[in-house]
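1. I'll drop the sequence and a predicted model, then ask my questions.
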Amino acid sequence: MGSNQSSPTGKKDGKASEGAISAIYHVFASLRFGKGYEELARKLRKALRPYGIELHIVDVAEGSINGHVFPLMEKCHAFLAFGGMEYGEDTGNKASTHHEVLHWEGYRKDRLMIRLRMIPFAEDHQHTTARRVFNRDNIQHLWLKGTPLPSGLAAEIKKIL
């Protein structure tokens, strides 16, 4: 997607919310809501914007995952998993990180999954989906929940893209 194309939300690049610059890359943020991860995602989004990367943080209303979230994911260049302890839970609702991962792997396996580990490497995730996504064989970037945004994380994500 170049700067003359529409963003995944259908808006012209640079017209997205919160003063986004023209985005070269669009990245879907997969995270658990209500656990403090939204604030961390907003901090990372702010750090990524100078690199031309728009991090899409979607608060999923029940029933909107098929009509809004999955189509947005399919238009993104990468999927960024905020891997806290609770990540990957199958809540029985399609609006869950478990289903986001399954959808990405099923429809966008040709695109990047960026793994942002938010728990120490000595700990294991609670849910099977997260243990698979954050297994030792996959490259992971560490940002422990409750700590400041690691310097250089945004630049590292830009290199990956």
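-> Yep, it's here. Residues are numbered from 1 along each chain as shown.
2. show me the shaky parts of the protein.
-> 1-22, 60-63 (pLDDT under 70).
3. if we go to 80?
-> Filtered on pLDDT under 80, the chain yields the residue ranges 1-22, 33-35, 59-64, 109.
4. show me where it has helices.
-> Using DSSP state H, the helices of the chain run over residues 37-48, 70-75, 97-107, 128-133, 153-160.
5. would you mind writing the CA trace of the second one as CSV?
-> The C-alpha coordinates for helix 70-75 follow below in CSV (Å, rounded to 0.1, in the frame of the first residue of the first chain):
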residue,chain,number,x,y,z
PHE,A,70,-11.5,-9.9,10.1
PRO,A,71,-11.7,-7.7,6.9
LEU,A,72,-9.4,-5.2,8.5
MET,A,73,-6.9,-7.9,9.4
GLU,A,74,-6.9,-9.2,5.8
LYS,A,75,-5.8,-5.8,4.5
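6. what packs against it?
-> strand 25-30, helix 97-107 (3 or more C-beta pairs under 8 Å, 6 or more residues apart in numbering; DSSP states H and E). Backbone N, C-alpha and C define where each C-beta goes, glycine included.
7. let's check: the centremost residue of the chain is which one?
-> residue 29 (2.0 Å; C-alpha atoms, centre = their mean).
8. returning to what we had before: so which of the helices and strands packed on helix 70-75 is the most surrounded?
-> strand 25-30 (a mean of 24; mean count of other C-beta atoms under 10 Å).
9. residues in contact with that strand?
-> 1, 7-8, 41, 44-45, 48, 52-58, 72-73, 75-82, 87, 97, 100-101, 104, 114, 157, 161 (C-beta atoms under 8 Å, 6 or more residues apart in numbering).
10. closest one to residue 143 among the helices and strands packed on helix 70-75?
-> strand 25-30 (12.9 Å; C-beta to C-beta).
11. ok, the closest one: who's next to it in the sheet?
-> strand 53-57 (parallel), strand 78-83 (parallel) (DSSP bridges).
12. can I get the ones you listed in JSON lines including distance to residue 134 and mean neighbour count?
-> Formatted as JSON lines, these follow (distance: least, C-beta to C-beta, whole Å; neighbours: other C-beta atoms under 10 Å):
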{"stretch": "strand 53-57", "distance to residue 134": "19", "mean neighbour count": "23"}
{"stretch": "strand 78-83", "distance to residue 134": "5", "mean neighbour count": "24"}
